[in-house]
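Q: I'd like to go over a predicted model; first the sequence, then the structure.
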Amino acid sequence: MNMVSKKNLCFCLVILYTLSLGSVGQATETIKIGLNLSYSGDRKSSGLASKAGAEMVRDQINGKGGITIGGKQYTIEYVHADNKSSTQQAVANGLELITKGNVLAIIGPNASSRAIPAGGISQSFGTPMISPTSTNPSTTLNRSYVFRACFLDPFQGEAMANFVTTEFKAEKAAVLYNISSAYPRGLAEFFKAAFEAKHGAGSVVAFENFLSSEKDLSSQLTKIVKAKADVLFVPQYDYEIPEIVKQARAQGWKKVILGGDAWETNTLISECGDLCKGLYFTSHFAAIGAKGKTKEFVDNYQAASKTLPTGNSALGYDAADLLLTAISSLNQLTGDLIKDRSAIRDQLTKIKGFQGVSGTLDMTEGGDPVKSAVIIRINENSEFESYRIQNPA
């Protein structure tokens with residue numbers, strides 16, 4: 001190699017080294033957060049809504065120049081991972097985001113059937129994870145690094161049991177649920193326990209289950225109609241409700257049908273139409289009648305998407321806001337992922353009086369916020385209208 005070639009080689013190496021230093025410096029000025037949500041599959045409506053809410057927080061922060069930690073400015077970067085509404089993919093995404101994506105924390109998954117196993121991965125690797133909407137107690141149980149932005153199923157079941165008792169004077173209830181899925185199975189059991197605590201053993205006169213593979217529910221619904229319950233509680237996901245309501249009416253059920261927070265997506269209205277008018281479900285948020293910070297969120301969301309936000313949108317926003325509130329309260333980011341992840345976890349547990357768009361909450365050491373529930377009525381305009389607030393005891 002001649003002298004000129006050697007000089008050129010040295011010059012190129014210097015340039016590459018300089019660029020690599022710039023790259024490292026730039027990385028320290030970016031906070032990477034993983035989003036492990038459903039952008040496709042059965043639950044994509046929920047995942048995309050939470051994604052939109054979380055992106056609003058990121059854009060608001062970055063629009064103001066980022067956040068300052070220890071005198072240094074950081075912008076927020078999201079690393080997206082579509083879990084495709086699959087449990088296996090949610091677990092794989094969590095592992096990928098933590099070990100290869102080098103994210104500081106993760107938002108999602110939403111559904112408990114995915115959040116529970118993905119939470120195990122986050123706990124094992126000491127990485128904070130906050131689910132916008134997973135309500136099953138097992139999501140955070142004995143997991144110091146796993147949090148949620150929503151209330152839990154025991155409270156949700158109790159809230160609905162109280163509501164049907166006072167609103168419909170219900171003394172007998174029926175339940176129809178998918179026994180092979182964590183969320184409906186858990187919520188069904190919590191509602192049953194709460195209702196029978198108020199009305200006595202056996203007051204849930206029909207407790208009918210089905211498997212995911214079952215499409216014809218006429219056998220279960222016939223038993224429910226014959227049991228002469230006052231109300232029917234169906235804690236299923238939004239995409240399942242139109243067919244269940246249709247079959248229930250066909251079998252002669254003429255009374256009210258109620259559900260849980262997984263009902264609340266824009267897909268429910270487009271698919272269920274008039275069948276769902278006058279039905280009720282528990283939720284975390286109501287866009288209609290919103291005030292203050294919540295009204296500002298509703299207006300901004302509607303301006304950007306041309307649709308009203310749902311509870312999934314609001315909880316996606318609050319999950320991101322909670323996480324970035326914890327991060328912004330740090331004295332510094334050391335660059336050591338293990339230390340920084342642990343520090344973020346500690347700050348999350350200290351959040352009290354947090355003013356979210358889905359309400360005020362106090363985060364607990366166990367990762368479960370204390371907050372109220374909203375009973376939503378699907379009104380004659382097919383809107384999700386706030387009907388009543390159910391507060392924790």
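A: Arrived safely.

Q: mind checking how far the residue nearest to Leu315 when sequence neighbours are not counted is from Lys32?
A: With C-beta to C-beta, 6 or more residues apart in numbering as the criterion, Leu315 has its nearest non-adjacent residue at 3.8 Å, and that residue is Pro132. To be clear about C-beta, it is placed using only N, CA and C from the backbone, and glycine gets the same treatment. Here the criterion is C-beta to C-beta, to the nearest Å. By it, Pro132 lies 19 Å from Lys32.

Q: and Asn136, by the same measure?
A: Going from Asn136 to Lys32 by C-beta to C-beta gives 28 Å.

Q: of those two, give the one with the bigger neighbour count.
A: Asn136 (23 against 16; other C-beta atoms under 10 Å).

Q: from what I can see Gly353 touches Pro369, true?
A: No - the criterion here is C-beta atoms under 8 Å, and Gly353 misses it with Pro369 at 11.3 Å.

Q: quickly list what's touching both of the two.
A: Common contact partners of Gly353 and Pro369 (C-beta atoms under 8 Å, 6 or more residues apart in numbering): Asp362.

Q: more crowded one of these two?
A: Just comparing Gly353 and Pro369: by other C-beta under 10 Å the higher neighbour count belongs to Pro369, 23 against 8.

Q: what's opposite the closest residue to that one other than its chain neighbours in the beta bridge?
A: Once flanking residues are discounted, Pro369 sits nearest to Leu361: 3.9 Å by C-beta to C-beta, 6+ apart. According to DSSP bridges, the partner residues bridging Leu361 are Phe354.

Q: name the nearest residue to Ala111, sequence neighbours excluded.
A: Ala111 sits nearest to Arg43 (C-beta to C-beta, 6+ apart), 5.7 Å away.

Q: so who does that neighbour touch?
A: Each residue near Arg43 by C-beta under 8 Å, 6+ apart is listed here: 85, 110-111, 237, 239.

Q: quick check, nearest of the residues you listed to Ala170?
A: Tyr237 (23.7 Å; C-beta to C-beta).

Q: Asp261 is in contact with that closest one, correct?
A: No - Tyr237 is not in contact with Asp261 according to C-beta under 8 Å; the separation is 10.2 Å.

Q: what about the two, which has more around it?
A: Higher neighbour count among Tyr237 and Asp261: Asp261, with 28 against 24, using other C-beta under 10 Å.

Q: over to that one: give its phi and psi.
A: When read as degrees, to the nearest 10, the backbone of Asp261 gives phi -70, psi -20.

Q: residue contacts, it?
A: If you count contacts by C-beta under 8 Å, 6+ apart, Asp261 has them with 133, 135, 150, 156, 281-284, 311.

Q: repeat the analysis, applying 6 Å as the threshold.
A: Residues near Asp261 by C-beta atoms under 6 Å, 6 or more residues apart in numbering: 282-283.

Q: over to the one 4 residues further on?
A: Taking C-beta under 6 Å, 6+ apart as the definition of contact, the neighbours of Thr265 are 45-46, 238, 310.

Q: among those residues, which two are most distant?
A: The largest distance within those, taken as C-beta to C-beta, falls between Asp238 and Thr310 and amounts to 9.5 Å.

Q: of these two, which one has the most company?
A: Neighbours were counted for Asp238 and for Thr310 using other C-beta under 10 Å; Thr310 has more, 32 against 26.

Q: check contacts around the closest residue to the more buried one other than its chain neighbours.
A: Nearest in space to Thr310, with sequence neighbours left out and distances taken as C-beta to C-beta, 6+ apart, is Glu264 at 4.9 Å. By C-beta under 6 Å, 6+ apart, Glu264 lies in contact with 283, 310-311.

Q: now Ala174: how far from Val205?
A: 6 Å.

Q: which neighbours do the two share?
A: 227, 229.

Q: the more surrounded of these two?
A: Ala174 (26 against 17).

Q: how is the more buried one assigned, secondary-structure-wise?
A: strand (DSSP: H, G, I helix; E, B strand; the rest coil).

Q: so it versus Ala81, what's the distance?
A: Distance of Ala174 to Ala81, given as C-beta to C-beta: 39 Å.

Q: same check on Asn266?
A: Asn266 sits 23 Å away from Ala81, taking C-beta to C-beta as the criterion.

Q: quick one, grab the pLDDT at the residue nearest to Ala111.
A: Note on Arg43: pLDDT of 92.

Q: so which helix or strand takes in Arg345?
A: Here Arg345, judged by DSSP states H and E, is contained in helix 337-349.

Q: which neighbouring elements make contact with that helix?
A: Counting contacts by 3 or more C-beta pairs under 6 Å, 6 or more residues apart in numbering; DSSP states H and E, helix 337-349 is packed against helix 311-328.

Q: what does the helix it packs on contact?
A: For helix 311-328, the surrounding residues in contact (C-beta under 6 Å, 6+ apart) are 46, 49-50, 52-54, 56-57, 67, 105, 107, 130, 132-133, 149-150, 264, 283-285, 344, 347-348, 356-358.

Q: how far off helix 337-349 does it point, in degrees?
A: 120 degrees (axes from the mean of the first three to the mean of the last three C-alpha atoms, to 10 degrees).

Q: before we move on, the earlier item: between Asn266 and Ala81, which one's more packed in?
A: Legend: neighbour count by other C-beta under 10 Å for Asn266 and Ala81, higher for Ala81 (23 against 19).

Q: check contacts around the spatially closest residue to the more buried one that is not a sequence neighbour.
A: Nearest residue to Ala81 in three dimensions, chain neighbours excluded: Asn93, at 3.8 Å (C-beta to C-beta, 6+ apart). Asn93 makes contact with 36, 81, 83, according to C-beta under 6 Å, 6+ apart.

Q: so which of the residues you listed are in strands?
A: Per DSSP state E, strands hold the following members of these: 36, 81.
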